[in-house]
Structure formats: structure tokens, C-alpha cells
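Asks: coords please:
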Amino acid sequence: MALTQGHAIICCDRNRRGGLKRIWLMEQGGLGTVAYATAGSGPGSDAHGSEFDAFAGSTWYEFEFDRGTAGFTANATRENGSTLVNIELMFYLPKVTEEVNARLRELTESCGVYALCETYADDCDTSAPETYFFILGYDKVFEKKAYMEFSSGEQATGVGLQDANGTAVKLAGVHAEYPREVMLLVNGNGAGATYASGSGTLTGFVNLYQPSVGITNAWTSETVA
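Replies: Here you go, the predicted model:
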């Protein structure tokens with residue numbers, strides 16, 4: 001790969017937001033057909049190609065977390081001509097309960113995890129701003145072998161009445177490249193959704209929907225060709 005263009009920083013980039021808004025997790029093996037967008041396709045004014053635009057028939061589970069506790073890091077190192085990117089996703093589950101610990105047991109015993117992450121940062125479109133979605137645990141080089149695993153879960157009840165009570169969760173993995181954006185639109189109304197834009201009906205994106213309502217229920221991703 002060679003450099004193809006430079007990068008401009010606009011005012012909206014300087015007035016950015018940090019942190020993650022939502023997280024969906026999936027165990028390795030549940031990912032359907034994967035495809036990449038061509039240049040200029042998909043929703044959003046920032047579509048430049050090479051984003052993910054297909055996860056056909058995949059099931060995801062949303063994990064809510066305490067506000068201001070979720071984020072991911074991607075730290076790259078280069079050695080002997082190859083680059084590795086260490087990925088870490090962290091979030092905080094409040095309150096120590098059996099329901100929380102049941103999910104933690106599943107995470108500790110999982111055989112690899114993928115994550116869809118929505119950031120608070122948006123694409124600076126003044127008329128219809130869209131937030132960015134990234135996938136962790138899958139890349140174009142390692143593909144499914146880039147999966148993340150449970151790294152740590154620091155749980156504490158606290159000792160004082162106003163102490164923190166919950167679990168700080170970390171998932172970690174190794175990519176061969178920085179995380180790619182997903183052309184994703186979240187739809188709570190079910191399958192087969194269409195989205196209108198100024199130029200007509202949008203195509204070339206992933207529709208994420210819930211067959212039944214409820215945070216603990218599965219979400220399904222379908223490809224809109």
C-alpha cells in the first residue's frame with residue numbers, strides 16, 4: 001500500500017467528542033459473510049472505501065455500561081518490516097450481581113470475541129450528523145484470527161457506602177492494521193429496512209436490528225446490497 005492523499009483537519013475535528021456510546025459483542029464463529037465498501041459508497045459524507053459494509057446473518061449482543069467508562073485503544077508497533085496493532089476495549093459494568101457475573105463467566109470462557117463500537121464523534125455533517133462505528137477483533141489481514149479475548153475483569157464491592165461497586169472489563173487482541181469503520185445503521189424496527197437520502201435509497205451498508213425489543217435480546221446484522 002502507498003500513500004494516496006493527505007489529511008485535512010477541519011473545525012469539527014478540533015471540537016471532537018471522546019468515548020464510546022454503545023458496544024455490541026459476538027463470540028467468534030458467529031460472523032457471517034464479510035465485505036468491504038468501494039470508494040464513495042455507503043451512508044455518510046466521509047465514505048472513502050475499504051470500510052466494512054456486510055456482516056450477513058450475524059448475531060450481536062449489546063452490553064450497556066456506566067457513562068464515561070468505555071473506550072478502545074489501538075497501539076501499533078513495527079518490527080522486521082511488519083506492523084502489529086494491540087487492541088484493547090474497556091467498559092465498566094455497575095453493581096456486583098449474579099446477572100453481571102453470569103455474563104462475565106461467559107466472556108471468560110468464550111473462544112474469541114468481536115466487538116462493534118459506536119463512538120460519540122460524528123462525521124461533521126451539519127444537516128444529518130452520523131456517528132462512527134468500528135469493528136474490533138476482525139481485520140483485513142488476520143480476518144477472524146484477529147479476535148479479542150477476555151483480558152481482565154477487576155471486580156470490587158467497595159468498602160464505604162459511596163465506593164464504586166462493579167466490574168471494570170477489558171478485552172484485548174492483536175490486529176495487523178488499525179480498526180476499520182463499519183457502514184452501519186442501527187434500526188429498531190426489524191429486518192428489511194430501507195433508508196432514504198438526498199440522492200435516493202441508500203445501499204451498501206449493514207442494517208443492525210432487533211427482532212424483539214429488550215437490551216438483553218440479540219441484535220441481527222443484515223447486508224443491504
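
Asks: just for the protein, where's the confidence low?
Replies: 1, 39-49, 188-203, 215, 225 (pLDDT under 70).

Asks: Could you tell me which helix of it is the longest one?
Replies: Criterion DSSP state H: the longest helix present in the chain is helix 98-109.

Asks: so how far is it off the chain centroid?
Replies: Averaging C-alpha positions (Cα atoms, centre = their mean, to the nearest Å) puts helix 98-109 20 Å from its chain's average.

Asks: Quick check: next helix or strand after it?
Replies: strand 113-122 (DSSP states H and E).

Asks: Alpha carbons only: can I get that next one in CSV?
Replies: Output of strand 113-122 as CSV, limited to C-alpha atoms (Å, rounded to 0.1, in the frame of the first residue of the first chain):
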residue,chain,number,x,y,z
VAL,A,113,-14.9,-12.1,20.7
TYR,A,114,-15.7,-9.4,18.1
ALA,A,115,-17.0,-6.0,19.0
LEU,A,116,-19.0,-3.3,17.2
CYS,A,117,-18.3,0.1,18.8
GLU,A,118,-20.2,3.3,18.3
THR,A,119,-18.3,6.5,19.1
TYR,A,120,-19.6,9.8,20.2
ALA,A,121,-17.6,11.5,17.5
ASP,A,122,-19.6,12.3,14.3
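
Asks: count of neighbours near residue 18?
Replies: When counting by other Cβ atoms under 10 Å, one arrives at 9 neighbours for residue 18. Backbone N, C-alpha and C define where each C-beta goes, glycine included.

Asks: Repeat that for the one 5 residues further on.
Replies: Neighbouring residues of residue 23 were enumerated by other Cβ under 10 Å; the total is 22.

Asks: now for the helix or strand where it lies, which elements pack on it?
Replies: Under the criterion of DSSP H and E, residue 23 resides in strand 20-27. In this structure, strand 20-27 packs against strand 58-62, strand 82-94, strand 113-122, with contacts taken as 3 or more Cβ pairs under 8 Å, 6 or more residues apart in numbering; DSSP states H and E.

Asks: got a list of what residue 52 touches?
Replies: 34, 35, 36, 37, 135, 180, 181, 182, 183, 206 (Cβ atoms under 8 Å, 6 or more residues apart in numbering).

Asks: Identify each buried residue in the longest helix of the chain, please.
Replies: 100, 103, 104, 107 (16 or more other Cβ atoms under 10 Å).

Asks: So which of the helices and strands packed on strand 20-27 is the most surrounded?
Replies: With neighbours taken as mean count of other Cβ atoms under 10 Å, the helices and strands packed on strand 20-27 reach their highest mean count in strand 113-122, at a mean of 20.

Asks: That strand versus helix 98-109: what angle between them?
Replies: 110 degrees (axes from the mean of the first three to the mean of the last three Cα atoms, to 10 degrees).
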